[in-house]
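Colleague: I'd like to go over a predicted model; first the sequence, then the structure.
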Amino acid sequence: MTDAAPLLLIADDVQANVELLRDQLEVAGYRVIDASDATTALTMALERVPDLVILDVAMPGAGLAADDRVAGFEVCRRLKRDPRTKHVPVIFISALSDAQDRVRAIEAGADDYLTKPHNRHVLGARIRSLLALRAATDALEEAVRKQRELQMVRDDLVKMIVHDLKTPLTTVLATLEMVLDGDFGPLSDGQRNALGEAEGQAEDLLGAIEDLLEVTRIESGAVTITPTPIAPAAFLSEMQFDWQHRCAQEGATCSIDVADDAPVFEADKTLLRRVFANLLQNALSHAPNGVAITMSARREATGILFTVADTGPGIPREYHELIFRKFEQVRTPNAPKLRSSGLGLAFCRLVAESHGGRIWVTSELGHGAQFHLYLPDAPPSVAPAAE
């Protein structure tokens, strides 16, 4: 027997039972420690953290203020509540064979329940099974922990890179704007077109950087929503006005349709404008020239339902959930202009959820796409109390 052998704790106030179990378990290659009362059993378990615990139900339990007839259940409950021992398997071996006793053992957190006299082969099989299960659970938790650490490292690296990219890109955009404004002399039509395309690409890149920064901030809880009353008709008119030049460049049309029952609601207007900017950008980027876009609003339950619909190529049904995940994209043959980081819709989803709402898409290939955004009358943190 080596120090690497699993350590098992036996708790039973009958010494003959302890010696029998010790002989069986040591022959099987386990290390064994034992206790004769509930208080000692709990203390030893918390200090040594064995790989498995075998408990009797009835044992002295005065130190735990427990009835001697059921002190084992109290030991099991405390072991399962303590972070140090909550994953340690517990097997009861008891003379009590009533179904209610088994139920109480399960409710206390026990992993198995055997009656005396026990079968050593059955006990051995149960111990091996529970130890294997614990090893697998420990390995899974370690893998999850490492994955979280790697995710944190990746997120920190992305934030650092994004911050480092944003400053020079802003300078590039400012320089391009000055050149296009003629600050450095007249331009030919070819030069102006080339620089305009470069400026558009740079603006798309800056938008992707802003999306990534905002997604990271929302996910980490660093963004505070500042709700203000918003009239849907006025809001959609603003978005239509802001995007009329871009739509004209793409040969697209953008109309609005606000129902009479569309309510004034509360939301963070800055975040909401970016959500609609992403949806409009999506419609223009994923469709050929001449796409028709309609932004509509109507009352839905205790909130408002916005829809941004387009006459583009549509989205296959199997991608309807995928597109709202970070860095996921859907490329179609009819979208040669696609320039996307795969973050825009992930940002939209996070903003909707942070307001207590949701966003989803309905679409069929060849029949356009309809992005639906439901928002409650007010975000949960500022929603009026129920009467």
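Modeller: The structure has been received and is ready for your questions. Since we're looking at a predicted model, the values are computed, not measured.
Colleague: now the helix or strand residue 143 falls within: mean pLDDT?
Modeller: Using DSSP states H and E, residue 143 falls within helix 120-180. The average pLDDT within helix 120-180 is 85.
Colleague: which ones are touching the closest residue to residue 111 other than its chain neighbours?
Modeller: Nearest residue to residue 111 in three dimensions, chain neighbours excluded: residue 89, at 4.5 Å (C-beta to C-beta, 6 or more residues apart in numbering). To be clear about C-beta, it is placed using only N, CA and C from the backbone, and glycine gets the same treatment. Applying C-beta atoms under 8 Å, 6 or more residues apart in numbering to residue 89 gives the contacts 51, 52, 53, 111, 112, 130, 131, 133, 134.
Colleague: Who are the packing partners of the helix or strand harbouring residue 295?
Modeller: Assigned by DSSP H and E, residue 295 falls within strand 292-300. Applying 3 or more C-beta pairs under 8 Å, 6 or more residues apart in numbering; DSSP states H and E, we find strand 292-300 packed against helix 232-242, strand 253-258, helix 269-285, strand 303-310.
Colleague: How about residues contacting that strand?
Modeller: 232-233, 236, 239-240, 247, 252-259, 261-263, 276, 280, 283-284, 304-311, 374.
Colleague: Repeat that for stretch 6-17.
Modeller: 18, 21-22, 25, 30-38, 40-41, 44-45, 48, 50-56, 58-60, 72, 75, 93, 116, 127, 131.
Colleague: What about residue 71, how many residues nearby?
Modeller: 28 (other C-beta atoms under 10 Å).
Colleague: what's the next secondary structure element after whichever helix or strand it is part of?
Modeller: Residue 71 belongs to helix 71-81 when assigned by DSSP H and E. The helix or strand immediately downstream of helix 71-81 is strand 90-94, counting by DSSP H and E.
Colleague: and the closest residue to residue 24 other than its chain neighbours, how many neighbours?
Modeller: The shortest distance from residue 24 to any non-neighbouring residue, by C-beta to C-beta, 6+ apart, is to residue 120 (4.9 Å). Neighbours of residue 120 under the rule other C-beta under 10 Å: 15.
Colleague: same check, this time on residue 213
Modeller: Residue 213 - counted by other C-beta under 10 Å - has 17 other residues nearby.
Colleague: what comes into contact with the helix holding residue 71?
Modeller: 11, 37-38, 41-42, 45, 53, 55-61, 64, 66, 85-86, 88, 90, 92, 94, 104-105, 108-110.
Colleague: Return the distance of the helix or strand bottoming out on mean pLDDT in the chain from the chain's centre.
Modeller: Least confident helix or strand, the chain: helix 189-219 with a mean of 78, by mean pLDDT, DSSP states H and E. Centroid displacement of helix 189-219 relative to its chain, using C-alpha atoms, centre = their mean, to the nearest Å, is 28 Å.
Colleague: buried stuff in that helix?
Modeller: 195, 199, 202, 205-209, 211-216, 218 (16 or more other C-beta atoms under 10 Å).
Colleague: Taking helix 269-285 as reference, get the angle to that helix.
Modeller: 130 degrees (axes from the mean of the first three to the mean of the last three C-alpha atoms, to 10 degrees).
Colleague: follow-up on the earlier one: what pairs with the strand holding residue 295, parallel or antiparallel?
Modeller: strand 253-258 (parallel), strand 303-310 (antiparallel) (DSSP bridges).
Colleague: hang on, the earlier thing: which elements pack onto the least confident helix or strand of the chain?
Modeller: helix 120-180, helix 269-285, helix 344-354.
Colleague: Go ahead and build a PyMOL selection from the buried members of the contacts of strand 292-300.
Modeller: Buried residues within the contacts of strand 292-300, by 16+ other C-beta under 10 Å, are selected in PyMOL with:
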select buried, resi 232+236+239+240+247+252+254+256+258+262+263+276+280+283+284+304+305+306+307+308+309+310+311+374
